[in-house]
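Enquirer: Below is the sequence, then the predicted model.
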Amino acid sequence: MNQTNIADKQKNRFLKSIARRTTIELEKLRQIPESPPALNYFYDAMESVFVRNEPERFLNPDSTKKKMIGVYCMMVPEELIDAAGAVSVRLCAGCFESSQIGEDRIPKDVCPLVKSAMGFTIQKGLAAVDLCDVVIIPTTCDAKRKLGEELSAFKNVWMIEVPHIKDAEFSRRIWIDQLYGLKSKIEKYAGNGRAKTKTSSRYLGAAIKKTAVAQWELRQLLSIRQSKSPVIWGRQAVVVENAYAYTRTEDWAENLAQLNIQLAEKVKNNNAVCSENCPRIFIAGSPVIFPNTKIQSLVEEMGGILVADESCAGDRYLYDPIGNPENSLAGQMTGIASRYLAPCICPAFTPNDDRLFMIKRMVADFAADGVLYHVLKGCVIYDFELHRVEKILNRAKIPVLRIETDYNPEDVEQLRTRIEAFIEMLKSQKKKKRSDSLCQPIS
Ligand code: SF4
Ligand code: SF4
């Protein structure tokens, strides 16, 4: 057998294995009884990327194909790509098969997200990755920084320098300079006829508005998830949010609007997915990325409900709007620069007290009973901040369970035992609180 045949066989095995795993995960989600039909759009988007290998159906459906640009962090302003007439695809990856292949070039102890991203590039075949000749990587953590160097053997890599001290004047200057530089690179590359005229404030304004609509819908979903009687499972909501990476912003927002209507109806009819006694769990820590659904599925299989998270591919993805920029290009660029820097609570920044306030506020707003602190093996920066998060949550009497894992399914049973024990403990705590409140003397 010649080398080409071997490579083709390897590629087919790889794609089949991802398709099989994704189909199982999506099937489990589709079988959840009484699910709102609007969820199907998000499941179909995931299926088109990982099973059918036809990402353009959801990302780039127009007959005139736009150029696709891969981004490796939520800190890349997608509005700049959209305004230049290109399509952005978030390529932060959550796939076990590709994380194994990534180890060919990335040290074993690096986080699986980066190994998985590398693996998808080394092992060609997944169209969502292959269609992006250019990728943008911010220098957030060490793993992302070095990923850029490794990927440059395969792709045209544009690094953007992220200042790690957010509040300093020099940081704002560096960041805005970086974004202006990025904007011109994107324009030159993506132009589609607009390159000569440069991205005008009209295009940028339209892109900002489009994202704002998606953000508004996400906030609606979050407020629905705050309800005392949950009407959507957390594992369903995570897929909805993760799917933003692989869909057109306007289509995602439109379908989320439909979902929000269907969920609001469920709230009205008191059609909860679980009892109010179900422990409400908040996931903090490293991002949770499809098709790795290990943590959220275990929480809910073991009798809890995931009510919110701080994941940059989840509830935090679109949380912060661009504050009312003026109509001028300069005003819009300033608005974008501050939206993508100031509110970001990724532990890549220091000091990062904003993250503590945000977690504390979200835990209270979503009435979480416990926090599962998710550390992807090798993700040192999230692990570093664990004790500070624990300290503020201990003060609020919120139990925290630290779970360290990667994308390998082998530790599922071990994690199940720990998560089950945590949820049982939260259940008895909730029960005690209920009986204590019943025994309160009438004043
Ligand atoms: S965890 Fe931080 S560095 Fe990693 S993708 Fe999310 S925002 Fe970017
Ligand atoms: S922040 Fe953590 S999960 Fe994200 S790329 Fe860096 S090490 Fe990996």
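Expert: On my side now, so go ahead. Numbers count the residues shown, from 1 in each chain. Ligands and ions are numbered 1, 2, ... in the order given.

Enquirer: Mind pulling up the pLDDT for the most centrally placed residue in the chain?
Expert: Centroid-nearest residue in the chain, with C-alpha atoms, centre = their mean: Ala313, separated by 0.8 Å. Ala313 is assigned 95 on the pLDDT scale.

Enquirer: Can you give me the distance of it to ligand 2?
Expert: As judged by C-beta to the nearest ligand atom, to the nearest Å, Ala313 and ligand 2 stand 10 Å apart. The C-beta positions use only the backbone N, C-alpha and C, and glycine is treated the same way.

Enquirer: Next, the contact list for the residue nearest to that residue when sequence neighbours are not counted, please.
Expert: Counting by C-beta to C-beta, 6 or more residues apart in numbering, Ala313 lies nearest to Pro287, which is 4.7 Å off, once chain neighbours are set aside. The contact partners of Pro287, taken as C-beta atoms under 8 Å, 6 or more residues apart in numbering, are 92, 113, 311-314, 376.

Enquirer: Export these to a markdown table and append columns for distance to Asp133 and secondary structure.
Expert: A markdown table is the format used below for these (distance: C-beta to C-beta, whole Å; DSSP: H, G, I helix; E, B strand; the rest coil):
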| residue | distance to Asp133 | secondary structure |
| --- | --- | --- |
| Cys92 | 18 | coil |
| Leu113 | 22 | helix |
| Ser311 | 28 | coil |
| Cys312 | 25 | coil |
| Ala313 | 23 | coil |
| Gly314 | 28 | coil |
| Leu376 | 28 | strand |
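
Enquirer: if we take those, which one ends up nearest to Leu263?
Expert: Gly314 (16.9 Å; C-beta to C-beta).

Enquirer: The closest one: what's it in contact with?
Expert: Contacts for Gly314 (C-beta under 8 Å, 6+ apart) come out as 237-238, 241-242, 283, 287-288.

Enquirer: go with 6 Å
Expert: Each residue near Gly314 by C-beta atoms under 6 Å, 6 or more residues apart in numbering is listed here: 238, 241.

Enquirer: what's the answer for Trp175, then?
Expert: 163, 337, 341.

Enquirer: Nearest to Asn394 among those residues?
Expert: Distances from Asn394 to the contacts of Trp175, taken by C-beta to C-beta, are shortest for Leu341, at 30.2 Å.

Enquirer: Let me see the ranges of the strands in the stretch 301-443 of the chain.
Expert: 305-309, 370-376, 400-405 (DSSP state E, counting those that start in this stretch).

Enquirer: Could you dump the contacts of Trp175 into CSV with distance to Tyr189, neighbour count and pLDDT added?
Expert: CSV is the format used below for those (distance: C-beta to C-beta, whole Å; neighbours: other C-beta atoms under 10 Å; pLDDT from 0 to 100):
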residue, distance to Tyr189, neighbour count, pLDDT
Pro163, 25, 17, 96
Ala337, 21, 21, 95
Leu341, 23, 22, 95
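
Enquirer: Helices along the stretch 251-400 of the chain, start to end?
Expert: 294-301, 329-341, 353-365, 380-384, 386-395 (DSSP state H, counting those that start in this stretch).

Enquirer: just those: most buried one?
Expert: Mean neighbour count, computed with mean count of other C-beta atoms under 10 Å, is highest for helix 294-301 among the helices of the stretch 251-400 of the chain, reaching a mean of 23.

Enquirer: Around the residue in the stretch 301-443 of the chain that ligand 2 sits nearest to, count how many other residues there are.
Expert: Going by C-beta to the nearest ligand atom, ligand 2 is nearest to Cys379 of the stretch 301-443 of the chain, at 3.2 Å. Neighbour count for Cys379, taken as other C-beta atoms under 10 Å: 23.

Enquirer: next one: Leu15
Expert: The burial count for Leu15: 18, using other C-beta under 10 Å.

Enquirer: Give the full set of residues in contact with it.
Expert: Shown in contact with Leu15 (C-beta under 6 Å, 6+ apart): Gly125.

Enquirer: State the pLDDT value of it.
Expert: Per-residue confidence (pLDDT) for Leu15: 97.

Enquirer: helix or strand for it, which one?
Expert: Applying DSSP states H and E as the criterion places Leu15 in helix 3-30.

Enquirer: in that helix, what counts as buried?
Expert: Buried residues in helix 3-30, counted by 16 or more other C-beta atoms under 10 Å: 14-15, 18-19, 21-22, 25-26, 29.

Enquirer: ok, now stretch 27-47?
Expert: Per 16+ other C-beta under 10 Å, stretch 27-47 contains these buried residues: 29, 35-36, 38-39, 41-47.

Enquirer: before we move on, what about stretch 57-73?
Expert: Those would be 58-60, 66-73, for stretch 57-73 by 16+ other C-beta under 10 Å.

Enquirer: ok, of those residues, which one's closest to ligand 1?
Expert: The closest of the buried residues of stretch 57-73 to ligand 1 turns out to be Cys73 (C-beta to the nearest ligand atom; 3.3 Å).

Enquirer: Need the three-state assignment for the closest one.
Expert: Following DSSP: H, G, I helix; E, B strand; the rest coil, Cys73 is assigned to coil.
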